[in-house]
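J.: got a predicted structure here, sequence first:
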Amino acid sequence: MEAQAVELLSRLMKGKAMQYRTGVAMVLTAGVLWSFQALIIRQIDEAGAWTVLFWRSLAMFPVLMLFMAWRSGWAPLQAMRKAGVAGVLGGLGLVVAMSGAIIAFKTTSVANAAFLFAASPFLAAILGRAILGEAVASRTWIAIAIAMVGIFIMVREGLDAGAWIGNLAALSSAIGFAAFSVALRWRRIDDSLPTSVLGGMMAVVVAGLVAVQTGQPLVVATSDILWCLLMGLFTMSGGMILYTLGSKVVPSAELTLLSNTEVMLAPFWVWLIIGETASAGTFVGGAILMVAILFNAWTGARRTVAA
């Protein structure tokens with residue numbers, strides 16, 4: 001049994017045929033991994049936001065590069081060339097998503113940022129339809145609407161007008177993540193991992209330059225650097241690999257919707273492990289969001305089985 005599981009995992013990693021249900025499970029797991037980042041960031045004392053992004057991306061990049069090289073038969077440059085324009089645009093989208101999130105959290109309320117991030121499934125649905133011709137199933141629209149209600153309940157107590165720059169940055173982050181998700185499925189390229197690799201490489205450069213320009217030191221306390229490296233090596237890189245592999249069979253709008261497990265679980269881990277206060281609305285809204293995600297995954301799996 002163990003040998004069969006290893007063989008299945010190897011087939012998936014090597015790009016063999018994948019079922020829709022497997023792709024959904026990968027994307028859900030990616031969101032779970034990403035959800036631990038808020039907890040880890042709470043452990044960082046000194047490093048600024050751009051310094052965190054620099055070290056996190058610096059750790060993530062070689063992991064993704066090594067995985068891509070192994071998966072491509074140790075021909076990473078050939079895989080990068082095949083990614084073409086889609087890889088470059090998707091990488092830029094990922095940089096915008098990560099950078100916009102940082103600016104948003106620094107200049108507007110967390111609630112405003114989280115609510116605007118939740119626009120990503122809508123934006124991915126629109127971009128996927130316009131660029132890829134992907135039709136969005138009615139069940140997905142229903143799930144997105146339910147998810148928006150859940151996220152609104154989670155953050156409604158903290159919603160305010162906020163700083164328009166921060167709100168615009170949060171919306172830009174949602175657009176960037178939607179663009180990244182659509183790029184992963186553009187032209188059904190054999191391997192979309194180069195898109196994530198390029199995004200990680202660009203993030204290192206952008207974060208380093210902005211950190212220097214804004215006076216944030218890149219050399220900080222060893223403990224802070226270790227926490228950042230932990231995020232890059234495990235939560236970010238693991239999530240990116242699973243999300244990218246899952247994108248082979250999961251449509252763009254569903255990708256961003258299913259990854260909302262990050263939004264749902266992030267406040268839960270912080271409350272459970274370090275006792276940070278969470279309102280009743282956080283748990284009620286999180287439960288509604290979970291219903292939306294599971295509804296989409298379950299109905300999608302049933303549809304594929306029937307087909």
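T.: That came in fine, so what should we check first?
J.: where does pLDDT dip in the chain?
T.: Counting by pLDDT under 70, the ranges of the chain that qualify are 1-17, 110-111, 161-163, 187-190, 301-307.
J.: give the contact list for the residue nearest to Ala118 when sequence neighbours are not counted.
T.: Nearest non-adjacent residue to Ala118, counting by CB to CB, 6 or more residues apart in numbering: Ile151, 4.4 Å away. (Each C-beta comes from the backbone N, C-alpha and C, glycine too.) Going by CB atoms under 8 Å, 6 or more residues apart in numbering, Ile151 touches 114-115, 118, 260, 263, 285, 289.
J.: same thing but at 10 Å, please
T.: 111, 114-119, 260, 263-264, 285-286, 288-289, 292 (CB atoms under 10 Å, 6 or more residues apart in numbering).
J.: which of those sits closest to Thr22?
T.: Closest approach between these and Thr22, by CB to CB: Asn260, at 19.3 Å.
J.: ok, the closest one touching Leu289?
T.: Yes - with contact defined as CB atoms under 10 Å, Asn260 counts as touching Leu289 (6.1 Å).
J.: touching both of these two, which residues are there?
T.: With CB under 10 Å, 6+ apart as the test, Asn260 and Leu289 both reach 118, 143, 147-148, 150-151.
J.: helices and strands around the longest helix anywhere in the chain, which ones?
T.: With secondary structure taken from DSSP state H, the chain has its longest helix at helix 76-107. With contacts defined as 3 or more CB pairs under 10 Å, 6 or more residues apart in numbering; DSSP states H and E, helix 76-107 has these neighbours: helix 49-71, helix 110-117, helix 164-184, helix 193-213.
J.: what number of residues lie near Gln213?
T.: For Gln213, the tally of surrounding residues (other CB atoms under 10 Å) stands at 9.
J.: now Ala287
T.: 14.
J.: leaving out the residues flanking it, which one is nearest to it?
T.: Gly150 is the one closest to Ala287 (CB to CB, 6+ apart), at 7.4 Å.
J.: just Gly286 next, same as before
T.: Met264 is the one closest to Gly286 (CB to CB, 6+ apart), at 4.7 Å.
J.: what about that neighbour, which helix or strand?
T.: helix 261-274 (DSSP states H and E).
J.: pull out the buried residues from that helix.
T.: Neighbour-count burial for helix 261-274 flags 261-271 (criterion: 16 or more other CB atoms under 10 Å).
J.: do the same with stretch 145-158
T.: Quick answer for stretch 145-158 (16+ other CB under 10 Å): 146-148, 150-155, 158.
J.: please compute how far it lies from its chain's middle.
T.: 19 Å (CA atoms, centre = their mean, to the nearest Å).
J.: repeat for stretch 49-64
T.: On CA atoms, centre = their mean, the centre of stretch 49-64 falls 14 Å from the chain's centre.
J.: in that stretch, what's buried?
T.: Under 16+ other CB under 10 Å, the buried positions of stretch 49-64 are 49-61, 63-64.
J.: any idea how far Ala292 lies from Leu255?
T.: 14 Å (CB to CB, to the nearest Å).
J.: can you list the buried residues in the longest helix of the chain?
T.: Buried, per 16+ other CB under 10 Å, within helix 76-107: 76, 79-80, 82-83, 86-105, 107.
J.: dump stretch 73-90 to PDB, restricted to CA.
T.: The C-alpha trace of stretch 73-90 is given here as PDB (Å, rounded to 0.1, in the frame of the first residue of the first chain):
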ATOM      1  CA  GLY A  73      14.200  15.700 -16.100                       C
ATOM      2  CA  TRP A  74      17.000  18.100 -14.900                       C
ATOM      3  CA  ALA A  75      16.400  20.500 -17.900                       C
ATOM      4  CA  PRO A  76      15.200  23.600 -16.000                       C
ATOM      5  CA  LEU A  77      16.300  26.100 -18.600                       C
ATOM      6  CA  GLN A  78      14.300  24.300 -21.300                       C
ATOM      7  CA  ALA A  79      11.200  24.300 -19.000                       C
ATOM      8  CA  MET A  80      11.700  28.000 -18.400                       C
ATOM      9  CA  ARG A  81      11.800  28.700 -22.100                       C
ATOM     10  CA  LYS A  82       8.600  26.700 -22.700                       C
ATOM     11  CA  ALA A  83       6.800  28.900 -20.200                       C
ATOM     12  CA  GLY A  84       7.200  31.800 -22.500                       C
ATOM     13  CA  VAL A  85       5.100  34.900 -22.100                       C
ATOM     14  CA  ALA A  86       2.700  33.200 -19.800                       C
ATOM     15  CA  GLY A  87       5.500  32.500 -17.300                       C
ATOM     16  CA  VAL A  88       6.700  36.000 -17.300                       C
ATOM     17  CA  LEU A  89       3.200  37.600 -17.000                       C
ATOM     18  CA  GLY A  90       2.300  35.100 -14.300                       C
END
